[in-house]
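Participant: with the input below, show me the fold.
(chains A, B, C, D, E and F)
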There are 6 protein chains.
Amino acid sequence: MTRGFYIGRFQPYHDGHHHMVERIAGEVDELVLGIGSADDSHTRHNPFTAGERIMMITKALEDADLVIYPVPIEDLDRNAVWVSHVRSMSPAFDVAYSNNPLVVQLFSEAGVEVRQSPMFEREKLEGTEIRERMIDDEGWEELVPSAVVDIVDEIDGIERLQRVSDTDGAADDRPHRSNTADPE
Amino acid sequence: MTRGFYIGRFQPYHDGHHHMVERIAGEVDELVLGIGSADDSHTRHNPFTAGERIMMITKALEDADLVIYPVPIEDLDRNAVWVSHVRSMSPAFDVAYSNNPLVVQLFSEAGVEVRQSPMFEREKLEGTEIRERMIDDEGWEELVPSAVVDIVDEIDGIERLQRVSDTDGAADDRPHRSNTADPE
Amino acid sequence: MTRGFYIGRFQPYHDGHHHMVERIAGEVDELVLGIGSADDSHTRHNPFTAGERIMMITKALEDADLVIYPVPIEDLDRNAVWVSHVRSMSPAFDVAYSNNPLVVQLFSEAGVEVRQSPMFEREKLEGTEIRERMIDDEGWEELVPSAVVDIVDEIDGIERLQRVSDTDGAADDRPHRSNTADPE
Amino acid sequence: MTRGFYIGRFQPYHDGHHHMVERIAGEVDELVLGIGSADDSHTRHNPFTAGERIMMITKALEDADLVIYPVPIEDLDRNAVWVSHVRSMSPAFDVAYSNNPLVVQLFSEAGVEVRQSPMFEREKLEGTEIRERMIDDEGWEELVPSAVVDIVDEIDGIERLQRVSDTDGAADDRPHRSNTADPE
Amino acid sequence: MTRGFYIGRFQPYHDGHHHMVERIAGEVDELVLGIGSADDSHTRHNPFTAGERIMMITKALEDADLVIYPVPIEDLDRNAVWVSHVRSMSPAFDVAYSNNPLVVQLFSEAGVEVRQSPMFEREKLEGTEIRERMIDDEGWEELVPSAVVDIVDEIDGIERLQRVSDTDGAADDRPHRSNTADPE
Amino acid sequence: MTRGFYIGRFQPYHDGHHHMVERIAGEVDELVLGIGSADDSHTRHNPFTAGERIMMITKALEDADLVIYPVPIEDLDRNAVWVSHVRSMSPAFDVAYSNNPLVVQLFSEAGVEVRQSPMFEREKLEGTEIRERMIDDEGWEELVPSAVVDIVDEIDGIERLQRVSDTDGAADDRPHRSNTADPE
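Facilitator: Numbers count the residues shown, from 1 in each chain, chains lettered A, B, ... in the order given. Sure, this is the predicted structure:
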């Protein structure tokens, strides 16, 4: 039995992720999907909560021939302990999948096998693109699994993302440090 | 479709939890199992990591007639925001299950329906008892699902718990604040 | 113009505090009331939120001949920076009032004048006593200003304190580290 | 009796805020002024401490026909729990005032009534502008209540802001992560 | 070249530690002394700051035939990432010295060699004993290196420890969560 | 005896720092080198861990005629308590050295003497420049003490910095908030 680990923010879970999971499915029996920045939500970069992302992953993969574990990973903001943090939150895994250079470096320094793939490249570009399309509410549905469309609708996700991205009204104006809105 | 939420520390997942889940299964279609104090481990009170507890729950319930979501909930240590924290990490739920008075109070103040049950009482007593038996490595296997026995064996869980509980060698001696070992 | 600083947890604001404020009123023109452990609530030791404690202080002192500033002070849990933390959150003050030895030591090391008084002794004993009476819902009203009675009623404070103090149902059973309730 | 909540960073409290408060005063009997990013200070964006901002608000509004509560709100940096955090720190309120899209979204999701106003727009632009004028020490006094001028003078606020904004000497050079100065 | 790592809280650095270091000196060329709970001070359990403890260690060992590195280790309060935290703060080391069961377990799980010794036992008992003698200001000087006596005198350490340990005046009365003093 | 304090991030310790220390050596007997952002590593801005930076400083200065104390200072991210934090972690000092305007302002407000120097200017520019040269692995060795070259080699520091700086592969893609890599 082989178990893999695949980290992402999944904002939202989209076809790039989905193709990647299908490809990984040929190499492992079980797959942990680590949901990064699990404690962040309601921002342009991270619109959805960890719970909403668990639902997207679960519903999109319910017919997949693969045991999956969606696991929220809260930010710890310290690279030197990040691998230990991930390992304590996740079922044990044999191999990590990532094309991100920092993730590759951190896992490598910790002695974990990491597999990269040119296919990852495409996936990375899609996250921002899809969120931009969501803000315009145009053309995003075709880039995500249909289960994700349903969940976004159910939680009024488009309206939320449009509001938190409304920078016209938010200049110099954040209620707390790392976000985007706080009346002067 | 009804989804329930059941919070516990699951240190370890034992028969008391298991009977509770079976009972809840009669009332809901899906169940979130919130793994409390997910960021704590390697202590007498919380010996197992969140990842290890995810495995216990998943394997023990793999034949159950119920869709389950094991979700690590890191400590936030602020009662006033705890319900919001739980909700952001968990798939949306309709009803929470708990007999714990603080949990009941916090969910009630937040307007969430909570169901209690006399059966919970029994379960609560078992956690400490089982960990004590584990330290003696005697009689604990009969109080947990067999899948949990396998996982504890695989991770050398008994040895770990015995070591971190060895208070003879640990008096006044902790490497950090909330734990139990730090050479003077 | 002289401004004083008086730190307490005010759980709840009671007659001991009130007499103390009346006495301080003879020495200063304005008084900052620092509300300690502002981020803690819903526990036996700290049942009320910071906002509820602001209301108790404000209403109890609305006829006092003294300008008051109730200021929540969140826990920082580091004695060495505590005075700086307090000073950044509070309007500038000339003298601190406390009989607590640690508070006296920390302000003294930082070069702040501290005034102590035998009267403080009495006040200190009252907090625990009053919370115990609240749990029994008997005899607590006579130890707090009448404005505080009104506020506690309005927020169902007795019921909340009774529930979070129900240790029978809460043994070994906390949803997070520093509190008192989490199903095993 | 109606109580409102108005969140801002108040760096400094200026005429835009003041007009807003006057307008809100026609709709409520009491007003909580939540001081956002209370734990931040000594930066170009947040030059003044929470304590200094409490003084600005209190002195500028001491003749207002309105009961006010200035309440420091420390950053929690998690949008999903922000409303719960605010509510625990603040006296209970019936309506929140904000034009900030994120604040509006968060309060709306939590079921709190939010009132917006075109007038807010103007106020938002003024914070940055006033701080720029303060750095030049030219023309800022006419945009803030006279009580604020006195407080800024008393604490040598202009000199502080000029120093912490001196980016010529501070390039790539911060003593900690989110600020602006740390020798390489 | 061999470098060792020896963790302690060093409250204060005493003869038990000193003998241990002398013994380790026979096995390594360089020794890192990790100062645990570096961010705690002014409590009965942790009276001295990290900076004061660096001085004690440095002065007591200035004639030792051993290169030493005293390194403050702030509490992280998560056992699962503690070894990574220590390693990021410390010069690289080949072997760790500890008799503390939790420390031994954590280093072992991380694949770090740990050496134990019966001599450690004695040292562990001394910390509490010495602090008790300091509170009575009687007989503590003979249990610590003379350099430590000088430093404790210079910082008025006895008076500080006596004050923060004065539990008569501190019952139910702490300014923050993990300490010992906060007026009700 | 005079002891100075010199804060920097030392990413890496380079000739600009070294000349500064030589200059300070003429004014003090002992020097604390505060290692800022000690908890950050594996980023383009902060590639090296605190432990690695301790080694650079120690080895580069082992022949200096000056007692030195390299002390990691973790980020606290609150300017108002930063000086207290530094003081608790560091041996007591008489004078601080910095040309950074914020550091100068914070120490000044706290009543600590600060000495500035035009020489600092040059040093500040070198950090970024040297890290850029490291990424190209060209011409950096001549700007740092030879002991630092050895340490960077030993830890494969160039490869690490190259990887974590590879923004081509890291766009919109971070595993946690303040860093640079996280697969979408």
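Participant: going by C-alpha atoms from here, please, whenever you check contacts or count neighbours.
Facilitator: Fine.
Participant: so the helix or strand A:Leu161 falls within, near chain B or not?
Facilitator: Assigned by DSSP states H and E, A:Leu161 belongs to helix A:157-164. No. Helix A:157-164 lies out of reach of chain B by Cα under 8 Å from any Cα of the partner chain, never closer than 14.1 Å.
Participant: report all helices and strands that that helix contacts.
Facilitator: Counting contacts by 3 or more Cα pairs under 8 Å, 6 or more residues apart in numbering or on different chains; DSSP states H and E, helix A:157-164 is packed against helix A:119-136, helix D:101-109.
Participant: what would those helices look like in TSV with mean neighbour count?
Facilitator: Below are these laid out as TSV (neighbours: other Cα atoms under 10 Å in any protein chain shown):
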stretch	mean neighbour count
helix A:119-136	18
helix D:101-109	21
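Participant: all helices of chain A, in order?
Facilitator: Assigned by DSSP state H, the helices in chain A fall at A:15-25, A:50-60, A:79-89, A:101-109, A:119-136, A:146-154, A:157-164.
Participant: mean pLDDT for those: which is lowest?
Facilitator: When those are compared by mean pLDDT, helix A:119-136 comes last with a mean of 81.
Participant: before we move on, back to that, can you add distance to E:Val114 and give the helices of chain A back as a markdown table?
Facilitator: Listed next are the helices of chain A as a markdown table, based on distance: least, Cα to Cα, whole Å:
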| stretch | distance to E:Val114 |
| --- | --- |
| helix A:15-25 | 38 |
| helix A:50-60 | 39 |
| helix A:79-89 | 19 |
| helix A:101-109 | 21 |
| helix A:119-136 | 41 |
| helix A:146-154 | 50 |
| helix A:157-164 | 51 |
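Participant: so which of those helices gets nearest F:Asp63?
Facilitator: helix A:79-89 (30.7 Å; Cα to Cα).
Participant: let me know the angle separating the closest one from helix A:101-109.
Facilitator: Angle, helix A:79-89 to helix A:101-109, by axes from the mean of the first three to the mean of the last three Cα atoms, to 10 degrees: 70 degrees.
Participant: and A:Phe93, how far from chain B?
Facilitator: For A:Phe93, the distance to chain B equals 10 Å [Cα to the nearest Cα, to the nearest Å].
Participant: report whether stretch A:77-96 contacts chain E.
Facilitator: Yes. Stretch A:77-96 is in contact with chain E by Cα under 8 Å from any Cα, via A:80-81, A:84-85, A:88.
Participant: report the entries of those residues that also contact chain B.
Facilitator: A:Ser88.
Participant: close to chain F: what parts of chain A are there?
Facilitator: Listed as neighbours of chain F in chain A under the rule Cα under 8 Å from any Cα: A:7-11, A:36-37, A:75-80, A:98-103, A:105, A:121, A:123-128.
Participant: of those residues, list those near chain C.
Facilitator: For chain C, no contacts are drawn from those by Cα under 8 Å from any Cα.
Participant: may I see the residues of stretch A:77-96 next to chain E arranged in a markdown table, with distance to D:Gly139 and neighbour count as well?
Facilitator: Output for those, formatted as a markdown table (distance: Cα to Cα, whole Å; neighbours: other Cα atoms under 10 Å in any protein chain shown):
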| residue | distance to D:Gly139 | neighbour count |
| --- | --- | --- |
| A:Ala80 | 48 | 24 |
| A:Val81 | 49 | 23 |
| A:Ser84 | 54 | 21 |
| A:His85 | 51 | 23 |
| A:Ser88 | 56 | 24 |
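Participant: okay if I get the residues of stretch A:77-96 next to chain E as TSV plus distance to B:Glu141?
Facilitator: What follows is the residues of stretch A:77-96 next to chain E, written out as TSV (distance: Cα to Cα, whole Å):
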residue	distance to B:Glu141
A:Ala80	38
A:Val81	34
A:Ser84	29
A:His85	29
A:Ser88	24
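Participant: so which of the residues of stretch A:77-96 next to chain E comes closest to chain D?
Facilitator: Using Cα to the nearest Cα, A:Ala80 is the member of the residues of stretch A:77-96 next to chain E that lies nearest chain D, at 15.8 Å.
Participant: can I get the helices and strands packed on helix A:157-164 in CSV including distance to chain E?
Facilitator: Shown next, in CSV, are these (distance: least, Cα to the nearest Cα, whole Å):
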stretch, distance to chain E
helix A:119-136, 29
helix D:101-109, 30
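Participant: for E:Leu66, which of these is the nearest?
Facilitator: helix A:119-136 (50.6 Å).
Participant: point out the residues in chain A that sit beside chain C.
Facilitator: Counting by Cα under 8 Å from any Cα, no residue of chain A lies close to chain C.
Participant: contact residues of chain A facing chain E?
Facilitator: Residues of chain A lying near chain E (Cα under 8 Å from any Cα): A:80-81, A:84-85, A:88.
Participant: how about a cut-off of 6 Å?
Facilitator: Residues of chain A lying near chain E by Cα under 6 Å from any Cα of the partner chain: A:81, A:84-85.
Participant: distance of A:Arg9 from A:Arg53?
Facilitator: Distance of A:Arg9 to A:Arg53, given as Cα to Cα, to the nearest Å: 9 Å.
Participant: so which of the helices of chain A is nearest D:Pro70?
Facilitator: Of all those, helix A:157-164 comes closest under Cα to Cα, at 26.3 Å.
Participant: which residue, other than its chain neighbours, is closest to A:Pro101?
Facilitator: In space, and not counting its chain neighbours, A:Pro101 is closest to F:Arg163: 5.5 Å by Cα to Cα, 6 or more residues apart in numbering or on different chains.
Participant: what about that neighbour, neighbour count?
Facilitator: For F:Arg163, the tally of surrounding residues (other Cα atoms under 10 Å in any protein chain shown) stands at 23.
Participant: got it, and A:Pro70?
Facilitator: 25.
Participant: tell me how many other residues crowd the closest residue to it other than its chain neighbours.
Facilitator: In space, and not counting its chain neighbours, A:Pro70 is closest to A:Leu33: 4.7 Å by Cα to Cα, 6+ apart. Residues contacting A:Leu33 under the criterion other Cα under 10 Å number 23.
Participant: who does A:Leu33 form a beta bridge with?
Facilitator: When assigned by DSSP bridges, A:Leu33 has beta-bridge partners A:Tyr6, A:Pro70.
Participant: next one: it from chain C, what distance?
Facilitator: In terms of Cα to the nearest Cα, A:Leu33 sits 25 Å off from chain C.
Participant: which ones are touching that residue?
Facilitator: Contacts of A:Leu33 were listed using Cα atoms under 6 Å, 6 or more residues apart in numbering or on different chains, and they are A:6-7, A:69-70.
Participant: much appreciated, bye for now.
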